[in-house]
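*Asks:* just to be clear, the model below is a prediction. Sequence and coordinates:
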Amino acid sequence: MKDIKKLVFELLQYERVNAGKTSAFKEMYHNDDLCPGFRNKFEEIFGALQKYRKVSRDTQGFHDNGTDVLIKDGETTGKYFICIQIKSERCLAGEDYFKDLKAQYQDTLEFYGDENIVDYYIILCCDARANVNKIRAINGYWAKNKKVHIIEPEYAMMFLRLSMLQIDAVIKRKLGNDDIVIKEAIGILQALTPTEMAIILYMLHEHFCNNRLSISVKALENSSFLNTVYRAAPDYSRDWFFTNESEDEEDEEDEEDEEDFIDEPYEPCNYEIEGESLNRTFETRLTEDLGYLEDNYIIADEVLNHYVLALEGLNPLIVLMLDGKIRYLYEEAELLIYMMEMFPVKGLHFEQNM
């Protein structure tokens with residue numbers, strides 16, 4: 001159950017979509033769309049987990065005791081549950097939505113036993129912009145209950161649209177965080193910007209999968225993968241990518257009821273990255289990245305205008321890329337995106353399946 005708990009927590013809060021995309025929830029029904037959608041996505045996740053290690057679990061849906069989707073440890077009987085309550089746009093439309101939420105939570109505690117519930121999730125599948133006050137009220141009421149997790153609409157929409165590639169990458173990263181190979185790979189990549197990381201991974205892929213031992217500048221410029229990454233990554237100064245920006249606010253000590261929170265509107269994510277763009281061309285950015293990497297992981301042949309990897313420093317990335325190719329059967333662009341998703345970096349967002 002420990003592995004499942006970690007995965008559920010990570011993937012339900014994988015990434016936010018733009019708040020405007022959550023308007024699609026208005027057309028989704030609780031029983032017909034949302035409950036089966038979440039249950040099927042969890043089944044995909046646990047199926048993917050089997051590639052990594054053997055797990056025992058049971059996923060059930062449509063419960064009347066305050067839980068819409070129930071995940072339980074398949075190796076035990078009557079213990080260790082993850083309970084999920086899904087609230088649609090229509091569920092939150094009535095005046096009694098808060099009363100219903102609290103009653104459903106109490107029903108779950110009484111039915112399964114507080115000591116047996118590992119986590120309780122309230123997933124808000126509604127228009128984030130139209131329900132800002134209600135979302136803040138719900139967040140505020142359960143803020144100090146460490147067992148209850150509120151999944152906001154931007155995260156809920158992303159979860160339903162997770163690709164298998166993204167799921168596989170999270171499983172590998174999250175469950176392998178004690179693996180020496182993962183740790184050493186993080187040690188390499190945490191010092192690189194998204195575009196520098198993409199160059200290294202692209203050259204590794206070409207070396208081991210396409211037997212291209214050296215890469216010309218022209219080939220790098222023509223790479224569709226690199227073009228995609230450079231478009232997705234903001235053109236900020238290199239220092240920006242290594243500046244920690246805490247988004248956490250100190251918890252308020254005073255007790256407030258749900259009516260107090262309704263007065264302070266919750267702000268949905270507008271998915272804007274703050275920074276000053278340098279407005280450089282792709283070619284200029286690529287040249288500067290190659291200049292930095294030349295002192296670290298690549299060797300330049302100035303006569304032929306080609307680059308070669310210094311492979312001895314990249315063994316952990318080689319192992320993980322070959323693992324993705326063999327274990328998960330990813331090829332070409334999918335394999336490269338899988339590697340990028342495994343090691344998320346500040347400023348890069350691949351908006352897939354949107």
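*Replies:* Received, thanks. Numbers count the residues shown, from 1 in each chain.
*Asks:* which stretches in the stretch 201-350 of the chain count as strands?
*Replies:* 215-216, 298-301, 306-309 (DSSP state E, counting those that start in this stretch).
*Asks:* wait, which of those strands is closest to residue 333?
*Replies:* Nearest to residue 333, of all those, is strand 215-216, at 16.2 Å by Cβ to Cβ. From N, CA and C alone the C-beta is placed, and that goes for glycine too.
*Asks:* which neighbouring elements make contact with that closest one?
*Replies:* Helices and strands touching strand 215-216, by 3 or more Cβ pairs under 8 Å, 6 or more residues apart in numbering; DSSP states H and E, are helix 194-209, strand 306-309.
*Asks:* mean pLDDT and mean neighbour count added to these, as a markdown table?
*Replies:* Shown next, in a markdown table, are the helices and strands packed on strand 215-216 (pLDDT from 0 to 100; neighbours: other Cβ atoms under 10 Å):
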| stretch | mean pLDDT | mean neighbour count |
| --- | --- | --- |
| helix 194-209 | 95 | 22 |
| strand 306-309 | 94 | 19 |
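*Asks:* a markdown table for the ones you listed, including distance to residue 99?
*Replies:* As requested, the helices and strands packed on strand 215-216 are exported to a markdown table (distance: least, Cβ to Cβ, whole Å):
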| stretch | distance to residue 99 |
| --- | --- |
| helix 194-209 | 46 |
| strand 306-309 | 61 |
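*Asks:* for residue 121, which of those is the nearest?
*Replies:* Of all these, helix 194-209 comes closest under Cβ to Cβ, at 30.5 Å.
*Asks:* does anything pack onto the closest one? Which helices or strands?
*Replies:* If you count contacts as 3+ Cβ pairs under 8 Å, 6+ apart, helix 194-209 packs onto strand 215-216, helix 217-222, helix 224-232, helix 282-294, strand 298-301, strand 306-309, helix 315-327, helix 332-342.
*Asks:* what's the closest of the ones you listed to residue 30?
*Replies:* Smallest distance to residue 30 across the helices and strands packed on helix 194-209 (Cβ to Cβ): 30.4 Å, for helix 332-342.
*Asks:* buried residues, that closest one. List them.
*Replies:* 334-342 (16 or more other Cβ atoms under 10 Å).
*Asks:* what's the answer for stretch 286-303, then?
*Replies:* Of the residues in stretch 286-303, those buried by neighbour count under the rule 16+ other Cβ under 10 Å are 286, 289-290, 292-293, 297-298.
*Asks:* and what about residue 123, helix, strand or coil?
*Replies:* strand (DSSP: H, G, I helix; E, B strand; the rest coil).
*Asks:* near it, how many other residues are there?
*Replies:* Neighbour count for residue 123, taken as other Cβ atoms under 10 Å: 24.
*Asks:* one more: residue 95?
*Replies:* Neighbours around residue 95, by other Cβ under 10 Å: 6.
*Asks:* which strand or helix spans it?
*Replies:* Here residue 95, judged by DSSP states H and E, is contained in no helix and no strand.
*Asks:* against residue 107, how distant is it?
*Replies:* Residue 95 sits 20 Å away from residue 107, going by Cβ to Cβ, to the nearest Å.
*Asks:* same deal with residue 145?
*Replies:* Relative to residue 107, and taking Cβ to Cβ, residue 145 is found at 16 Å.
*Asks:* so for those two, which sits in the more crowded spot?
*Replies:* Using other Cβ under 10 Å as the criterion, residue 145 and residue 107 rank with residue 107 on top: 16 against 11.
*Asks:* residue contacts, that one?
*Replies:* By Cβ atoms under 8 Å, 6 or more residues apart in numbering, the contact set of residue 107 is 65-66.
*Asks:* what strand or helix carries it?
*Replies:* Counting by DSSP H and E, residue 107 is part of helix 97-112.
*Asks:* put the alpha carbons of that helix into CSV.
*Replies:* The C-alpha coordinates for helix 97-112 follow below in CSV (Å, rounded to 0.1, in the frame of the first residue of the first chain):
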residue,chain,number,x,y,z
TYR,A,97,-22.9,21.2,-1.2
PHE,A,98,-20.8,21.9,1.9
LYS,A,99,-23.1,20.0,4.2
ASP,A,100,-23.1,17.0,1.8
LEU,A,101,-19.3,17.0,1.6
LYS,A,102,-19.0,16.9,5.4
ALA,A,103,-21.7,14.2,5.7
GLN,A,104,-20.0,12.0,3.1
TYR,A,105,-16.7,12.3,4.9
GLN,A,106,-18.3,11.2,8.2
ASP,A,107,-20.0,8.3,6.4
THR,A,108,-16.6,7.1,5.2
LEU,A,109,-15.0,7.4,8.6
GLU,A,110,-17.8,5.4,10.2
PHE,A,111,-18.0,2.7,7.5
TYR,A,112,-14.3,2.0,7.0
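*Asks:* do you know the pLDDT at residue 234?
*Replies:* We have a pLDDT of 92 for residue 234.
*Asks:* what about it, how many residues nearby?
*Replies:* Here the count is done by other Cβ under 10 Å, and residue 234 has 18 residues near it.
*Asks:* surely it meets residue 277?
*Replies:* Yes. With contact defined as Cβ atoms under 8 Å, residue 234 and residue 277 form a contacting pair (6.6 Å).
*Asks:* no further questions, thank you.
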